[in-house]
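K.L.:
Okay, predicted coordinates and the sequence, questions at the end:
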Amino acid sequence: MSRYSGRLALQQRVLPGYRVPFFDLLAGSCENGMSLFAGLPRPIEMISSGKTQIAELRQADNLHLFGGAFYLCHQKGLINWLEEWNPDSLIVEANPRNISTSSAVKWMHTRGRKTVGWGLGVPRVNGLRKQGWSSFLSQFDTLIAYSQRGAQEYAGLGFPREKIFVAHNSVSPAPTLDPRPSTFNLPPTILFVGRLQARKRIDSLLRACAEMESKPRLVIVGDGPERAALELLAKDVYPAANFIGEKHGAEVKPYFAEADLFVLPGTGGLAVQEAMSYGLPVIVAKGDGTQDDLVREGNGWQINADDYGVLVSTMKNALSDMARLRKMGMESFRIVSEEINIQKMVDVFVKALNAG
């Protein structure tokens, strides 16, 4: 694994638990250490905060301003942290909603030090908002995008393409795979893992399963505000659905191991990559571009989140050839073992830090 010889500072608005393995792995690649500055999320976000083991963690005092489309965040103590840690390079979220960012970048540049912006890309904006985004991005020396789509969006606003790096969004290390049996249990098992909320479209998944000729076993792992309503709906449309509840770590492994197909009918969901690490083919809704790099013709299907008919036809197609599903699952495993995992992600970050 490549190394960064300097002292690294990394800012995040919040520290979700799923990001901890990546940040600790990155910290282990910094010869002079890494300090992470992050605050607590708003209660309505329902984000489980984590704690690093290798990276030094400094808690920010997040001041959440307004809400919805007008949300802004001010992180108290950011400059004090920089003065105390005295980094050679700084990585920050490339998101103008954090109104503390520009002062941190200015602090670094005043001392002739490098700043790197890291983000999803650019939302659809026009006019003054587009100019605002372009001005915001121009302050960085280098950008790291979650996906190829994000990189194209940054370049589309005039940021030099040669200074944009793509670190495919990942939350898991390179996996090892227990061989799946060549025989199949019938009916096949469809798995969903994630938070039970409206945007995940689990209601559509329940109705779609009811339309399958060979009624699949549907396993839903997770909890959330929609659980009670979904369990009530399942009694009417698909009583065979099995709601497991929230599981983490080793607790969820048996459900991945027993599944034949992973389906995420709505937006969001980091469990897609985890499903792929277990050799599962996937059906996922199109999202922010990170799915584009993970889900390809050889290992799954991308669908529109609001097209129920396509969800049904895609599930029927997937379940029509179980041998093909096993082959696609092996391609899923290859992608996350060779191309998209946190080790590869760290390599790109280090490359961006070492770039001139």
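P.N.:
Cool, the structure landed.
K.L.:
CA atoms for contacts and neighbours, from now on please.
P.N.:
Noted.
K.L.:
what's the domain layout of the protein?
P.N.:
8-172+341-354, 189-338 (automatic domain parsing).
K.L.:
of all the ones you listed, which lies closest to Asp178?
P.N.:
domain 189-338 (7.9 Å; CA to CA).
K.L.:
a markdown table for the domains of the chain, including mean neighbour count?
P.N.:
Listed next are the domains of the chain as a markdown table, based on neighbours: other CA atoms under 10 Å:
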| stretch | mean neighbour count |
| --- | --- |
| domain 8-172+341-354 | 18 |
| domain 189-338 | 19 |
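K.L.:
Format those as TSV; extra columns: mean pLDDT and distance to Asp178.
P.N.:
Below are the domains of the chain laid out as TSV (pLDDT from 0 to 100; distance: least, CA to CA, whole Å):
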stretch	mean pLDDT	distance to Asp178
domain 8-172+341-354	95	16
domain 189-338	92	8
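K.L.:
now for those domains, which one comes closest to Ser2?
P.N.:
domain 8-172+341-354 (6.2 Å).
K.L.:
Arg97 touches Tyr71, doesn't it?
P.N.:
Yes: using CA atoms under 8 Å, Arg97 is in contact with Tyr71, at 6.8 Å.
K.L.:
show me what contacts the residue nearest to Arg217 when sequence neighbours are not counted?
P.N.:
Nearest residue to Arg217 in three dimensions, chain neighbours excluded: Thr189, at 4.6 Å (CA to CA, 6 or more residues apart in numbering). Contacts were defined as CA atoms under 8 Å, 6 or more residues apart in numbering; by that measure Thr189 touches Pro216, Arg217, Leu218, Val219, Glu258, Ala259, Asp260, Leu261.
K.L.:
let's see it at 6 Å
P.N.:
Pro216, Arg217, Leu218, Ala259, Asp260 (CA atoms under 6 Å, 6 or more residues apart in numbering).
K.L.:
quick check, nearest of those to Ala241?
P.N.:
Leu218 (4.9 Å).
K.L.:
Alpha carbons of stretch 57-72, as CSV, please.
P.N.:
Extracted in CSV, the C-alpha atoms of stretch 57-72 (Å, rounded to 0.1, in the frame of the first residue of the first chain):
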residue,chain,number,x,y,z
LEU,A,57,-10.5,12.0,16.6
ARG,A,58,-11.4,15.6,17.6
GLN,A,59,-15.0,16.4,18.1
ALA,A,60,-16.3,19.5,16.4
ASP,A,61,-19.1,21.6,17.8
ASN,A,62,-21.6,21.6,15.0
LEU,A,63,-24.0,24.5,14.8
HIS,A,64,-26.9,23.4,12.5
LEU,A,65,-28.6,26.3,10.7
PHE,A,66,-32.0,26.2,9.0
GLY,A,67,-33.2,23.0,7.4
GLY,A,68,-34.1,21.2,4.2
ALA,A,69,-32.9,22.9,1.1
PHE,A,70,-31.6,25.8,3.2
TYR,A,71,-29.5,23.7,5.6
LEU,A,72,-26.1,25.1,6.6
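K.L.:
Not counting that stretch itself, show me its contacts.
P.N.:
Ser35, Leu36, Phe37, Ala38, Gly39, Cys73, His74, Gln75, Lys76, Arg97, Asn98.
K.L.:
The stretch 101-250 of the chain: helices as residue ranges?
P.N.:
101-110, 127-137, 148-156, 202-210, 227-237 (DSSP state H, counting those that start in this stretch).
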